[in-house]
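K.L.:
could you look at this predicted model? Sequence included:
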Amino acid sequence: MSESRHWQLVRTVGLALPDVEATTRYDGSPVLKRGGSFMAGLAWHPSAEPDTLVVRAGEEERAWLIEDAPDTYYLTDYYQRHPVVLARLSRLDRDALRDLLSVSWRLTSAKAKRQIRSGPL
């Protein structure tokens with residue numbers, strides 16, 4: 001499956017979740033956002049393998065994913081400092097992708113709520 005076909009599946013599954021929009025980063029690479037906050041996108045840093053998805057994940061979630069399925073999920077030094085996990089798109093089936101994006105969706109919702117509550121002074 002080509003990268004564009006993989007992204008089409010990510011886009012389709014992601015857009016089935018409430019309040020998700022498909023947009024692009026400043027460099028033109030595709031991303032999914034919820035409430036203006038990053039949810040998932042294609043990996044942009046050269047340290048990531050080709051055809052890799054970057055998905056918002058908490059520390060516990062990503063540790064569990066990497067431990068449970070290291071052939072699918074991984075991190076590089078660059079992404080280590082960010083609340084994300086990397087996923088090899090060729091290893092994700094539709095159900096695993098839906099589960100992964102659902103976790104990201106919930107985390108993105110929590111982030112958006114914190115931003116609204118803390119708002120400008």
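P.N.:
Done, it's in. Numbering: from 1, shown residues only.
K.L.:
could you list the buried residues of stretch 17-27?
P.N.:
17, 20 (16 or more other CB atoms under 10 Å). For every residue, glycine as well, the C-beta is placed using N, CA and C.
K.L.:
and it, how far apart are its ends?
P.N.:
In stretch 17-27, first residue to last residue: 25 Å (CA to CA, to the nearest Å).
K.L.:
how far off centre is that stretch?
P.N.:
11 Å (CA atoms, centre = their mean, to the nearest Å).
K.L.:
which outside residues touch that stretch?
P.N.:
11, 14-15, 30-35, 39, 41, 44, 101-102, 105 (CB atoms under 8 Å, 6 or more residues apart in numbering).
K.L.:
quick one: least confident helix or strand in this structure?
P.N.:
Least confident helix or strand, the chain: helix 94-118 with a mean of 77, by mean pLDDT, DSSP states H and E.
K.L.:
returning to what we had before: the contacts of stretch 17-27: which two are farthest apart?
P.N.:
44 and 102 (23.0 Å; CB to CB).
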